[in-house]
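> let's see this in three dimensions:
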Amino acid sequence: MPKIELLDEQTIDKIAAGEVVERPSSVVKELVENAIDAKATAVTVEIRDGGTTLIRITDNGCGIEAEQIPVAFYRHSTSKIRKVEDLATISSLGFRGEALSSIASVSEVELITKTMGSLTGSRYQIEGGKEISLEEVGAPEGTTFLVKNLFYNTPARRKFLKSPQTEAGYISDMMEKIALSHPYISFKFINNGQIRLHTSGNSQVKDIIYHIYGRDIAANLLEVEGEFDGFSVSGFIGKPVISRGNRNFESYFINGRYIRSSLIAKAIEDGYRGFMMQHKYPFTVLAVSLNGKLVDVNVHPNKMELRFSNGEELYRGLVYLIQNALRQRELITDVAPGGEKKEAAKPVCKKNAVPEPFEKERISRMKEETAPAGRPKDAVLREPIRYGAAQEKAFGGAEAARETGNRTADVPKTQRPSADTPKPEIKERKQSLAEMPEQPRQQTLADYTAPETRLLSEEARPEQRIIGQLFDTYWLVEYEDRFYMIDQHAAHEKILFERTMKQYREKEFTSQMISPPIVLSLTMQEETLLKKYQEELEKLGFSIDSFGGKEYAVSAVPANLYGLNAQELLMELIDSLGTVSEKDTPDLVAEKIASMSCKAAVKGNNRLSRAEAEQMIADLLKLENPYFCPHGRPVIISMTKYEIEKKFKRIV
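Numbers count the residues shown, from 1 in each chain. From the prediction side, this is the model:
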């Protein structure tokens, strides 16, 4: 047997470095987190060649005292904890005490630091874990780390790194996550001399989202905030229209720490269930604050995985918060005209233009002031759909309101201005606009959050005008200054789905006796599944009894099968149960109910009467989520009058 010996310190350091320093992004993460813990309000990260040749991190934090500098590079030296009990209440980002030691053991490190109130700073050099020098120098307050030639003494580790562009991408992604989790700190990221990220530190998360992800995502956000027992959640979630094919846009932070958690990911995706197509994932930026005693961060060397003691409560709270936010908003997909040729930028005021995130000048929009007072009745080519005597009366009031604009709906007609008579202040503003030199318009993020107009509301029904049916599949509706298309199959499918799910949750399923009963011949595996999930099937309205041997008699089926083949549906359910675990059964039942609804719903290429279309819209009003079918496809899409007129070149 080989002789057992103790490893030398240098080898121990390199082994520890393998756990903490996986790639250049690991170095940046550890040092930026140290800067945050040092109360920095501005942090600059500069890299070259993907961080392999140079990583420079500068902060304006509290600095390190000269006599403490060598100690900071010892293994297991830290200012974050003092005893084992402190692990239960860690409030900082770093705490292991291995970061600086591990980084210094596989690179050439230079540290320049100065504490507040000191006359001079210190410069410390350490290479491959060996101290080179410590001297007094002039320096600004804060700390600068220069990490050069990463893995220069461990070439086996270096050859497993990816290309400089890929490694820089990892660092960029990590810096974006840190910026989102600490909006009160100004971050600057420079790659090969080019600024790739620069945040202001103004605490506005939406500004950072705009800067990182662009206008389309920033314009389709829903703000969420909630207080629960033991934790609170705040941040933004994306409307289903900005879904992605992977989880890269799911960002969530626990006490300011970016993590990955299967529990939180499942809560987010379950919260979007029914609002998004299968195999699509949402955009989220969520900050969770909870008591440090409820979470264990000492699980993984890179601190990316946590363990929660209140996981069930956290899951339920996140699902509720997301579903509530989605149900409170009208989520009709807006379809902009495509195929437009991009013209050269003109210095004109653009409608709903999106501003730069950190502009200081705020110019309020004049859309409401310069909008036409309304459209004349004779512009309507067809008579509006009547909904009965009571609604007809209401419709007349709505017509009068639409004639002069929503703002004058509650003003007697005798006091309302004529649609052809511009208001003095509007006329004056238009004249001043004409005299102004054309220049790019500046706005703030709040400017492109338009006031919401809900098509699917009782208040809107009298003003909805059903134009007709397109391709025997889509119903065309006009409301205010928007044009809507409703997919009759998706709409009817969702109506049946939610109606059936409501009965399922409230145990209101009724059974229909059949004679003679359906006799099923099951295999041993199917028989096992039937016995295991028989209770779930009975909740749906099936009544199944043994008929001897491998035969089973189905004497009752759900009363609301909508004319479907009960035997085929039951066998489909049993076959599907073989691929799921017991805890997934409710989800499977919901999926099969969706399938049942899809088969029973009115199909495309079926001509419906106008009365049936009116009833369909009325039924949509009663749904929790009328905007997406059970499979996540949109039920309604819309286009603004502005977009249509732009397509016809009425607006240039």
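
> distance check, residue 191 against residue 503.
Between residue 191 and residue 503 the distance, using Cβ to Cβ, to the nearest Å, works out to 57 Å. C-betas here are computed from N, CA, C, even on glycine.

> quick check: residue 523 touching residue 551?
No - the pair formed by residue 523 and residue 551 falls short of the contact definition of Cβ atoms under 8 Å, at 11.9 Å.

> neighbour count winner among residue 191 and residue 503?
Relative neighbour count places residue 191 above the other of residue 191 and residue 503, with 22 against 19, counting by other Cβ atoms under 10 Å.

> check what pLDDT that one gets.
At residue 191 the predicted local distance difference test score is 95.

> so what's it up against?
Neighbour list for residue 191: 46-47, 168, 171-172 [criterion: Cβ atoms under 8 Å, 6 or more residues apart in numbering].

> who wins for neighbours among those residues?
residue 47 (28 neighbours).

> just give the closest residue to residue 618, not the sequence neighbours.
Spatial nearest neighbour of residue 618, excluding adjacent residues (Cβ to Cβ, 6 or more residues apart in numbering): residue 461 at 7.6 Å.

> tell me the predicted confidence for residue 334.
If you check residue 334, the pLDDT there is 71.

> and for the one 5 residues further on?
The predicted local distance difference test score for residue 339 is 44.

> list the buried residues for stretch 23-36?
Burial within stretch 23-36, assessed by neighbour count using 16 or more other Cβ atoms under 10 Å, is assigned to 23-36.

> sort out for me which of those residues are in helices.
The subset of the buried residues of stretch 23-36 located in helices under the criterion DSSP state H comprises 24-36.

> read off the pLDDT value for residue 460.
77.

> residue 327 and residue 492, how far apart?
Using Cβ to Cβ, which is the criterion applied here, residue 327 is 20 Å from residue 492.

> wait, I meant residue 236
Taken as Cβ to Cβ, the spacing of residue 236 relative to residue 492 amounts to 33 Å.

> how about residue 613?
Looking at residue 613 against residue 492, where the rule is Cβ to Cβ, the gap reads 11 Å.

> who's more crowded, these two?
A side-by-side neighbour count of residue 613 and residue 492, using other Cβ under 10 Å, places residue 492 first with 24 against 20.

> please identify which helix or strand holds the more buried one.
Assessed by DSSP states H and E, residue 492 sits inside helix 488-505.

> same check on residue 139?
Counting by DSSP H and E, no helix or strand carries residue 139.

> what's the local residue count around it?
Here the count is done by other Cβ under 10 Å, and residue 139 has 17 residues near it.

> give me the nearest residue to it, chain neighbours excluded.
With Cβ to Cβ, 6+ apart as the measure, residue 121 is the residue that lies nearest to residue 139, at 3.1 Å, once sequence neighbours are left out.

> in the sheet, which residues pair with the one you found? Tell me.
residue 137 (DSSP bridges).

> can you tell me how far it is from residue 61?
With distances taken as Cβ to Cβ, residue 121 is found 13 Å from residue 61.

> what of residue 195?
Per Cβ to Cβ, residue 195 is found 21 Å from residue 61.

> one more: residue 316?
Residue 316 sits at a distance of 38 Å from residue 61 (criterion: Cβ to Cβ).

> more neighbours: these two, which one.
More crowded of residue 316 and residue 61, by other Cβ under 10 Å: residue 61, with 22 against 13.

> distance of the residue lying closest to that one once chain neighbours are set aside from residue 59?
Taking Cβ to Cβ, 6+ apart, and ignoring the residues beside it in sequence, residue 61 has residue 38 as its nearest neighbour in space, at 3.0 Å. For residue 38, the distance to residue 59 (Cβ to Cβ) stands at 6 Å.

> swap in residue 476?
Here the distance between residue 476 and residue 59 works out to 58 Å (Cβ to Cβ).

> who's more crowded, the two?
For residue 476 versus residue 59, neighbours defined as other Cβ under 10 Å are more numerous around residue 59 (26 against 15).

> mind listing the residues bridging to the more buried one?
Each beta-bridge partner of residue 59 is listed here, defined by DSSP bridges: residue 43, residue 143.

> from what I see, it and residue 39 are in contact.
No - under the criterion of Cβ under 8 Å, residue 59 makes no contact with residue 39, lying 9.2 Å away.

> what number of residues lie near the residue nearest to residue 61?
Counted with other Cβ under 10 Å, the neighbours of residue 38 add up to 19.

> need the pLDDT of it.
The model reports residue 38 with a pLDDT of 90.

> and the one 3 residues further on, by the same measure?
With respect to pLDDT, residue 41 scores 95.

> from residue 484, how far out is it?
Applying Cβ to Cβ, the value for residue 41 to residue 484 is 48 Å.

> more neighbours: which of the two?
Each of residue 41 and residue 484 has its neighbours counted (other Cβ under 10 Å); residue 484 has more, 21 against 15.

> what is the more buried one paired to in the beta sheet?
Beta bridges link residue 484 to residue 477, residue 638 when assigned by DSSP bridges.

> which ones are touching it?
Residue 484 neighbours (Cβ under 8 Å, 6+ apart): 332, 455, 476-478, 636-638.

> one more time with 6 Å, if that's ok
By Cβ atoms under 6 Å, 6 or more residues apart in numbering, residue 484 lies in contact with 455, 477, 636, 638.

> wait, the third one sits on residue 332?
Read that as residue 636. Yes - with contact defined as Cβ atoms under 6 Å, residue 636 and residue 332 form a contacting pair (4.7 Å).

> which residue is the nearest non-sequential neighbour of residue 602?
residue 492 (4.6 Å).

> the bottom helix or strand of this structure by mean pLDDT?
The helix or strand of the chain with the lowest confidence, counting by mean pLDDT, DSSP states H and E, is helix 389-404 at a mean of 34.

> buried sites along stretch 617-627?
Of the residues in stretch 617-627, 617, 619-620, 623, 625-627 count as buried by neighbour count, 16+ other Cβ under 10 Å.

> could you list the paired strands of the longest strand along the chain along with their orientation?
For the chain, the longest strand by residue count, based on DSSP state E, is strand 511-521. Each strand paired with strand 511-521, and its direction, by DSSP bridges: strand 551-558 (antiparallel).

> which strands and helices sit next to the helix or strand that comes right after the strand it pairs with?
Going down the chain from strand 551-558, the next helix or strand is helix 566-577, by DSSP H and E. Using 3 or more Cβ pairs under 6 Å, 6 or more residues apart in numbering; DSSP states H and E as the contact criterion, the elements in contact with helix 566-577 are helix 524-532.

> other SSEs contacting the helix it packs on?
helix 566-577.

> neighbouring contacts of the helix it packs on?
518, 526, 529-530, 533, 557, 592.

> and that helix, which residues are buried?
Using 16+ other Cβ under 10 Å as the burial criterion, the residues of helix 566-577 that qualify are 566, 569-570, 573-574, 577.

> which residue in those residues has the weakest pLDDT?
Between those, the one the model trusts least by pLDDT is residue 577, at 70.

> done for today, thanks.
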